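**Q** The sequence isn't on hand, but the structure is:
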């Protein structure tokens, strides 16, 4: 038996009590570290910002998740670098494409200009060198600058068109008609002023005796500004005369000539005129003197013309 009193021998088979060691708690994973990893897969910059914040919190709080934060930083920096490279390449490509298109357009314009020479000499009522359509042989020269889409030009034509036609037919006046194109911008990209001016020139070359009738029809059927204007087919349908101008209109003949006349009129100088250049339409010159009266008073205009005889 084993004693329990003083002098007793220890029992070698007795169980020894082990000290109780509490379980170690794993550190809490930092929330921003997880956010950094996840967001870096979508938006690299967010992953970078939250990754750096997470590392700072981990050091200060002793939290876990350092691996997540580092992974978020790596992925974030890589994806951001790739994004920057792609943007730079896109900008370079866009710049190169724009330069290419400008070059192609410029070359096309040059080719078109070089291959299509402007007309010269005189054909029908068109004086290509002078830049106008000429009617009558009277001593008093009237230069009329109009744009087919100009509403004030329509007012002047409706008031004085018959008067001018009578002066031409009786050889009292020489009417030089300058049909301009500066209102092309008011036809929603169809360049109506250029097309209508060219159609008028087609008529003046092919049916010169009916050219002023066509002018009257153009203003009687004038489209409003900021609309597409009349189509080529509608312009052709307005034309009186024995010879069709369809091919001339559809081929765009005389459009470039009409635009050149516009540039010359706006830039000046106008030879023999009291004005340096045309600043608007209608501009009417009688032997070089500009008519500044009412556009809708035929008597006032008639008196102005009569004073030149």
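**A** Received, thanks. Since we're looking at a predicted model, the values are computed, not measured.
**Q** confidence score at residue 105?
**A** For residue 105, the pLDDT comes out at 51.
**Q** err, residue 41, not the other one
**A** 85.
**Q** what sits against the closest residue to it other than its chain neighbours?
**A** Counting by CB to CB, 6 or more residues apart in numbering, residue 41 lies nearest to residue 75, which is 6.5 Å off, once chain neighbours are set aside. Glycine gets a C-beta too; all of them are placed from N, C-alpha and C. Counting by CB atoms under 8 Å, 6 or more residues apart in numbering, residue 75 makes contact with 37, 40, 41, 44, 47.
**Q** now the last one, nearest residue through space, not along the chain?
**A** Right, residue 47. Per CB to CB, 6+ apart, closest to residue 47 is residue 40, 2.5 Å.
**Q** residues near the one you found, how many?
**A** 27 (other CB atoms under 10 Å).
**Q** Also residue 301?
**A** For residue 301, using other CB under 10 Å, the count is 21.
**Q** how about the strands in this protein?
**A** 122-123, 126-127, 132-135, 140-146, 173-179, 283-286, 289-290 (DSSP state E).
**Q** quick one on the thing from earlier: from residue 175, how far out is the residue nearest to residue 47?
**A** Residue 40 sits 79 Å away from residue 175, taking CB to CB, to the nearest Å as the criterion.
**Q** what's the spacing between the most centrally placed residue in the chain and residue 61?
**A** The residue lying closest to the centre of the chain (CA atoms, centre = their mean) is residue 189, at 9.2 Å. Noted for residue 189: a distance of 66 Å to residue 61, by CB to CB.
**Q** List the buried residues of stretch 253-260.
**A** For stretch 253-260, burial by neighbour count (16 or more other CB atoms under 10 Å) applies to 253, 254, 255, 256, 257, 258, 259.
**Q** so which of those comes closest to residue 167?
**A** Closest to residue 167 out of the buried residues of stretch 253-260 is residue 258 (24.5 Å), distances taken as CB to CB.
**Q** Chain neighbours aside, what residue packs nearest to that closest one?
**A** residue 197 (4.0 Å).
**Q** Looking at the buried residues of stretch 253-260, which is nearest residue 307?
**A** residue 258 (31.5 Å).
**Q** For that closest one, list the residues it contacts.
**A** If you count contacts by CB under 8 Å, 6+ apart, residue 258 has them with 179, 180, 181, 194, 197, 198, 201.
**Q** Quick one, which of those residues are buried?
**A** Buried residues within these, counting neighbours by 16+ other CB under 10 Å: 179, 180, 181, 194, 197, 198, 201.
**Q** pretty sure the fourth one contacts residue 181?
**A** Yes. With contact taken as CB atoms under 8 Å, residue 194 and residue 181 are classed as touching, separated by 4.4 Å.
**Q** anything in contact with each of those two?
**A** With CB under 8 Å, 6+ apart as the test, residue 194 and residue 181 both reach 255, 258, 259.
**Q** Same list (those) but as CSV, adding distance to residue 240.
**A** Converted to CSV, these look like this (distance: CB to CB, whole Å):
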residue, distance to residue 240
255, 22
258, 21
259, 26
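**Q** Looking at these, which are in helices?
**A** The members of the shared contacts of residue 194 and residue 181 that map onto helices under DSSP state H are 255, 258, 259.
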